[in-house]
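Undergrad: take this sequence and fold it.
(one chain, ligands or ions: 2)
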Amino acid sequence: MIHPALKSGGPPPHHGTATPASFASSPPTPTETGTLAREILDLKLALNAVILAHNYQVPEIQDVADFVGDSLGLAQQAATTDAEVIVFCGVHFMAETAKLLNPDKLVILPDKAAGCSLEQSCSADQLRALQATNPNFFTIAYINCSAEVKALCDVICTSGNAVKIVESVPADKDILFIPDENLGAWVMEQTGRPMTLWRGNCYAHVEFRRDSLLRLRKRFPEAKVVVHPESPREVRELADIVCSTEKMITYCRTSPDRQFVIVTESGIIHRLEKECPGKEFICAPTFDPLQLPTDGCRCNECRYMKMNTLEKLRDCLKNRNPRIELSADILARARQPIERMLSLSTGKTKPS
Ligand code: 13P
Ligand code: SF4
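TA: Ligands and ions are numbered 1, 2, ... in the order given. Alright, predicted model coming up:
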């Protein structure tokens, strides 16, 4: 439930449900949404497809998905699905990960242009050059990178398992953590393990500011502050909990508290409201260089995640396109560090 104060005037720092960017001019009517959803479900059955959606997807995509979750949960689902076709509603690197785990399956996505600022910050050539400076580097890649970059790494991690993955690395290795400097810094704080950090960041999460969060805390003193680790340190320091999007859902569902300030992409509010009835969620506003102070209604949206629409999802099922295609070499080399992550996440093996 949305906080009542936010529905009735005042400068609202929140809205409950994200407006899909691509429908901003003419959002589909409930009838159109219903028709599209039925078409999608029919096509899905005909293709024996599974729809996997990230927590940041627009509500109507989440509502037709077979599984909605964080990067780790989605990779785990992709690794175990029996479906012949995987439809990935998230961003490009996530669909690539699904393909790496299912080289013989058709993996399609609604919009191939749905990228990620973290992925863009680290090319394979740049990484190779840095790795060449220290033969003792053990490279851990946050899953938000290309398959070509994954192929150069020892193990992959997500925000849900980064601490566990770092703790599993032999003590005599020098860890190189790519490409998110904020997640990397948070993991260093948690583990005490020094690491060399790649200087990349999530353009959406670095827009959160300490001063506006402090003002929000004053306005909602009972609220717990829930922060994604891609956020800057000054923001993480104000958190009651720092965690992945899936852990945010579990935390808010199981907490005895009733009110939460959510510091991540606003798409997650849909699941929070569905799974935590009677609780109140307040989106932290983002920095706006033209309209300081940062207390207006500016929920944070990832422009890449919001490229996907229900219409594009229907079309990709209809056309079996756009699809993910990777060379045999990349498929072979990039799969290993992902499998290593998946087995470490279940606690079965250690990297050598
Ligand atoms: P998680 O959902 O794994 O926490 O990651 C957030 C994210 O930014 C994905 O791009
Ligand atoms: Fe990438 Fe940030 Fe968008 Fe996630 S929210 S896909 S890290 S740009």
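
Undergrad: which of the helices or strands spans L342?
TA: Remark: L342 resides in helix 328-345, with elements defined by DSSP states H and E.

Undergrad: distance between that helix and the chain's centre?
TA: Its chain's C-alpha centre and that of helix 328-345 lie 19 Å apart, by CA atoms, centre = their mean, to the nearest Å.

Undergrad: output it as PDB, nothing but the C-alphas.
TA: Provided in PDB are the C-alpha atoms of helix 328-345 (Å, rounded to 0.1, in the frame of the first residue of the first chain):
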ATOM      1  CA  ALA A 328      31.000 -21.500 -29.600                       C
ATOM      2  CA  ASP A 329      34.200 -20.100 -28.100                       C
ATOM      3  CA  ILE A 330      32.400 -17.600 -25.900                       C
ATOM      4  CA  LEU A 331      29.700 -20.100 -25.000                       C
ATOM      5  CA  ALA A 332      32.400 -22.500 -23.700                       C
ATOM      6  CA  ARG A 333      34.500 -20.000 -21.900                       C
ATOM      7  CA  ALA A 334      31.900 -17.800 -20.300                       C
ATOM      8  CA  ARG A 335      29.800 -20.700 -19.000                       C
ATOM      9  CA  GLN A 336      32.400 -21.900 -16.600                       C
ATOM     10  CA  PRO A 337      32.500 -18.900 -14.300                       C
ATOM     11  CA  ILE A 338      28.700 -18.800 -14.100                       C
ATOM     12  CA  GLU A 339      28.600 -22.500 -13.200                       C
ATOM     13  CA  ARG A 340      31.200 -21.900 -10.600                       C
ATOM     14  CA  MET A 341      29.000 -19.100  -9.100                       C
ATOM     15  CA  LEU A 342      25.900 -21.400  -9.100                       C
ATOM     16  CA  SER A 343      27.700 -24.200  -7.300                       C
ATOM     17  CA  LEU A 344      29.200 -21.800  -4.800                       C
ATOM     18  CA  SER A 345      25.800 -20.300  -4.200                       C
END
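
Undergrad: report how many residues lie close to I269.
TA: 23 (other CB atoms under 10 Å). C-beta coordinates here come from the backbone N, C-alpha and C atoms, glycine included.

Undergrad: I figured it hits F281, correct?
TA: Yes: counting by CB atoms under 8 Å, I269 touches F281, with 5.4 Å between them.
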